[in-house]
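S.K.: need the 3D shape of this:
(one chain, ligands or ions: 1)
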Amino acid sequence: MSAGSAKMPGSVPANAEAGWPKDVGIICLEVYVPSQYVDQAELEQFDGVAAGKYTIGLGQAKMGFCSDQEDINSLCLTAVQHLMERNCLSYDSVGRLEVGTETIIDKSKSVKTVLMQLFEESGNTDVEGIDTTNACYGGTAALFNAVNWVESSSWDGRYALVVAGDIAVYATGSARPTGGAGAVAMLVGPNAPLVLERGLRGTHMQHAYDFYKPDMVSEYPVVDGKLSIECYLSALDRCYKVFRDKIHARWQKEGSDKRFSLDDFGFMVFHSPYCKLVQKSLARLLLNDFLGHPRPDTDSGVFSGLEAFRDVKPQDTYFDRDVEKAFMKASAQMFEEKTKASLLISNQNGNMYTPSVYGCLASVLAQYSPQQLAGQRIGVFSYGSGFAATLYSIRVTEDDTPGSPLAKLTASLCDLQARLDSRRKVAPEVFAENMKLRQETHHLANYKPQSSVDELFPGTWYLTSVDEKHRRQYARRPLNEDGPLEAGLVHSTTAAEHIPSPAKKVPRIPAASSGPDMVPIANGEH
Ligand code: ACO
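M.R.: Numbers count the residues shown, from 1 in each chain. So this is what the prediction gives:
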């Protein structure tokens with residue numbers, strides 16, 4: 001079986017005889033963000049808070065949001081179809097589709113079943129998987145389900161597809177600027193350029209009411225902001241410990257007494273509720289390295305000058321300004337090298353909830369060359385309130401040659417900044433009106449969305465109506481005035497050549513233009 005290949009239903013995967021599929025992970029990835037955003041500096045003024053609170057204090061520049069024309073089904077339809085088209089994939093090459101979301105518009109019917117409309121023309125209904133929910137963690141749970149399926153005896157040789165999507169909206173008040181919206185779709189299979197390292201997952205799950213959605217007709221969560229930060233940071237501590245213990249055990253088995261530290265991650269990406277928390281989280285990992293080190297050198301190197309913090313107890317330091325400041329300073333260089341680039345989408349679009357951490361991953365892939373990425377280990381920390389968290393690692397393939405799966409994956413994301421830049425800025429008043437409209441109408445039967453379809457990106461799915469029985473209808477905005485283009489004109493990216501059935505006529509996604517710039521992130525002095 002060729003690299004990343006997928007078999008048709010009924011066929012026996014070649015690896016069934018050869019053993020387990022190798023190097024299972026993410027083959028390609030597609031990000032969708034809404035076409036409009038509000039500027040956070042303007043929002044500070046509108047909300048009457050001190051200038052800098054959202055932009056420097058939280059590290060957010062722009063916040064994407066959806067009109068009443070989009071819901072969780074339309075977001076996921078758009079992301080999945082873009083992924084399939086950009087990679088010339090046929091729907092019968094997919095044997096599992098997992099959805100991660102906390103944007104619930106139906107207590108029974110899954111988003112996954114709505115997405116099956118995309119499969120209808122192919123005739124493929126043999127598609128396992130369903131929705132997974134726990135706050136921002138659902139995307140990771142969905143990804144793990146997909147990877148586990150490919151690595152299991154249930155695998156039939158086809159790809160798995162994962163889509164994480166959410167509309168992150170808060171009631172007016174301090175949490176509102178930490179909203180956002182979007183979806184990330186990922187294709188999972190063997191011989192992937194981004195391999196989830198086997199057995200290296202540090203998980204921590206615990207009960208807390210830090211952020212939850214008990215009101216079935218409200219899109220807004222009940223949130224205890226401070227508690228949610230404490231839960232996030234405590235989960236990070238616990239997950240990192242478990243992850244390191246597992247890798248130490250593995251290394252010991254291999255005869256090495258090497259200690260794992262942040263240096264062993266080429267990149268470190270986090271679930272990003274807002275960029276500043278991510279910057280603090282990297283500092284937190286350095287604190288863990290420091291406290292876990294038997295004899296840290298405090299005279300030189302990264303721990304230089306940190307002796308005074310030798311005896312601090314992690315559980316006493318979640319809001320300790322001195323510890324935070326010292327370790328943010330000590331990790332500043334690491335932040336530049338390992339994490340800052342991951343915050344492109346987060347800074348420009350806000351918290352997308354389940355796709356947030358995968359938006360961070362995409363941001364790294366969009367800004368580094370295959371040569372810079374090849375062979376690196378990427379640490380991934382996923383957190384969902386309530387709470388559920390995992391820190392796991394992705395190993396990037398060594399093959400960085402032109403045309404390699406890694407080169408195709410990065411090429412498919414090279415227009416990310418251009419896509420973000422092509423969005424429309426709206427005034428905070430318009431944003432507030434939009435939030436009010438959603439609040440009043442998102443749950444209604446017999447509803448026709450009022451916003452203009454023309455403002456959506458070409459190729460975006462949108463809600464056309466909700467009938468008296470709450471049944472939702474969708475349509476897709478045409479990709480261009482002249483109609484669909486031939487498959488050959490679409491971005492040439494991963495996996496397409498492995499698909500046995502001929503590509504159908506597929507429409508074109510907005511083309512790539514200039515390369516992305518780095519994200520301006522606050523330096524952590526607040
Ligand atoms: N210039 C620069 N910085 C400023 C300014 C200013 N004028 N004013 C305030 N700041 C800083 C503050 O010092 C603070 O920095 P710090 O975090 O380093 O202390 C930061 O801006 C935020 O100000 P706060 O007063 O702490 O903000 P507030 O308490 O009003 O809200 C919060 C922040 C709790 C994050 C809120 O936005 C929230 O509840 N968000 C949703 C919950 C969330 O995202 N939790 C994270 C994990 S769970 C999840 O992912 C949903």
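
S.K.: please make it C-alpha for all contacts and neighbour counts, starting now.
M.R.: Will do.

S.K.: element containing Leu196, please.
M.R.: Using DSSP states H and E, Leu196 sits within strand 194-205.

S.K.: what pairs with that strand, parallel or antiparallel?
M.R.: For strand 194-205, the paired strands and their directions (DSSP bridges) are strand 25-32 (antiparallel), strand 388-396 (antiparallel).

S.K.: up against the ligand, what does the stretch 151-300 of the chain have?
M.R.: Residues of the stretch 151-300 of the chain found near the ligand (CA under 6 Å from any ligand atom) are Ser174, Ala175, Thr178, Gly225, Lys226, Ser228, Ile229, Tyr232, Pro273.

S.K.: would you show me how to pick out the buried ones of the residues you listed in PyMOL?
M.R.: Applied in PyMOL, the following selects the buried portion of those according to 16 or more other CA atoms under 10 Å:
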select buried, resi 178+228+229+232+273
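
S.K.: format the residues of the stretch 151-300 of the chain next to the ligand as a markdown table; extra columns: secondary structure.
M.R.: Below are these laid out as a markdown table (DSSP: H, G, I helix; E, B strand; the rest coil):
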| residue | secondary structure |
| --- | --- |
| Ser174 | coil |
| Ala175 | coil |
| Thr178 | helix |
| Gly225 | helix |
| Lys226 | helix |
| Ser228 | helix |
| Ile229 | helix |
| Tyr232 | helix |
| Pro273 | coil |
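
S.K.: tell me which stretches of the stretch 401-526 of the chain form helices.
M.R.: 405-412, 416-421, 428-441 (DSSP state H, counting those that start in this stretch).

S.K.: can you check the stretch 101-250 of the chain too?
M.R.: Counting by DSSP H, counting those that start in this stretch, the stretch 101-250 of the chain has these helices, from start to end: 111-115, 138-150, 225-253.

S.K.: quick one: contacts of the shortest one?
M.R.: Surrounding helix 111-115, the residues in contact under the criterion CA atoms under 8 Å, 6 or more residues apart in numbering are Ile72, Asn73, Cys76, Leu77, Leu97, Glu98, Val99, Gly129, Ile130, Asp131.

S.K.: let's see 10 Å
M.R.: For helix 111-115, the external contacting residues (CA atoms under 10 Å, 6 or more residues apart in numbering) are 72-74, 76-78, 80-81, 97-101, 103-105, 127-132, 162-163, 165, 472, 474.

S.K.: not counting its neighbours along the chain, what's nearest Tyr37?
M.R.: The shortest distance from Tyr37 to any non-neighbouring residue, by CA to CA, 6 or more residues apart in numbering, is to Gly64 (4.1 Å).

S.K.: the helix or strand harbouring that neighbour - contacts with which helices or strands?
M.R.: Using DSSP H and E, Gly64 falls within strand 62-65. Helices and strands touching strand 62-65, by 3 or more CA pairs under 10 Å, 6 or more residues apart in numbering; DSSP states H and E, are strand 36-39, helix 40-47, strand 159-168, strand 180-189, helix 344-349, strand 424-426, helix 428-441.

S.K.: I'd like the strands paired with strand 194-205 as JSON lines, with mean pLDDT and mean neighbour count appended.
M.R.: Listed next are these as JSON lines, based on pLDDT from 0 to 100; neighbours: other CA atoms under 10 Å:
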{"stretch": "strand 25-32", "mean pLDDT": "98", "mean neighbour count": "27"}
{"stretch": "strand 388-396", "mean pLDDT": "98", "mean neighbour count": "24"}
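
S.K.: what would those look like in CSV with distance to the ligand?
M.R.: Below are the strands paired with strand 194-205 laid out as CSV (distance: least, CA to the nearest ligand atom, whole Å):
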stretch, distance to the ligand
strand 25-32, 19
strand 388-396, 11
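
S.K.: which SSE is immediately downstream of the strand holding Gly64?
M.R.: Remark: after strand 62-65, the chain's next helix or strand is helix 72-86, criterion DSSP H and E.

S.K.: and the direction of that next one versus that of strand 159-168, what angle?
M.R.: Relative orientation of helix 72-86 and strand 159-168, computed by axes from the mean of the first three to the mean of the last three CA atoms, to 10 degrees: 140 degrees.

S.K.: mean confidence score for helix 72-86?
M.R.: Averaging pLDDT along helix 72-86 yields 98.

S.K.: ok, now stretch 237-245?
M.R.: Mean pLDDT, stretch 237-245: 98.

S.K.: which residues sit against it?
M.R.: Stretch 237-245 is contacted from outside by 199-205, 231, 233-236, 246-248, 250-251, 259-261, 281, 284-285, 287-289, 292, 314-315, 379, 381-382, 389-393, using CA under 10 Å, 6+ apart.

S.K.: return the distance of it from the chain's centre.
M.R.: Counting by CA atoms, centre = their mean, to the nearest Å, stretch 237-245 is centred 21 Å from the centre of its parent chain.

S.K.: grab the nearest non-local neighbour of Ala160.
M.R.: Among residues not flanking Ala160 along the chain, Arg96 sits closest, at 4.5 Å (CA to CA, 6+ apart).

S.K.: what's the spacing between that neighbour and Ala411?
M.R.: Arg96 sits 25 Å away from Ala411, going by CA to CA, to the nearest Å.

S.K.: ok, now Lys325?
M.R.: From Lys325 over to Ala411 the distance is 38 Å, taken as CA to CA.

S.K.: so which of these two has more stuff around it?
M.R.: Ala411 (20 against 16; other CA atoms under 10 Å).

S.K.: got a pLDDT number for that one?
M.R.: You'll see Ala411 listed with a pLDDT of 97.

S.K.: what's the answer for the one 10 residues further on, then?
M.R.: At Asp421, the model reports a pLDDT of 98.

S.K.: do Glu128 as well
M.R.: 98.

S.K.: give me the number of residues near it?
M.R.: Residues lying near Glu128 (other CA under 10 Å) number 14.

S.K.: who touches it in this structure?
M.R.: The contact partners of Glu128, taken as CA under 10 Å, 6+ apart, are Val94, Gly95, Arg96, Leu97, Glu98, Lys112, Ala146, Trp149, Ala160.

S.K.: skipping adjacent residues, who's closest to the residue lying farthest from the centre of the chain in space?
M.R.: Relative to the centre of the chain, and counting by CA atoms, centre = their mean, the farthest-placed residue is Asp299 at 38.7 Å. Nearest non-adjacent residue to Asp299, counting by CA to CA, 6+ apart: Gly305, 6.4 Å away.
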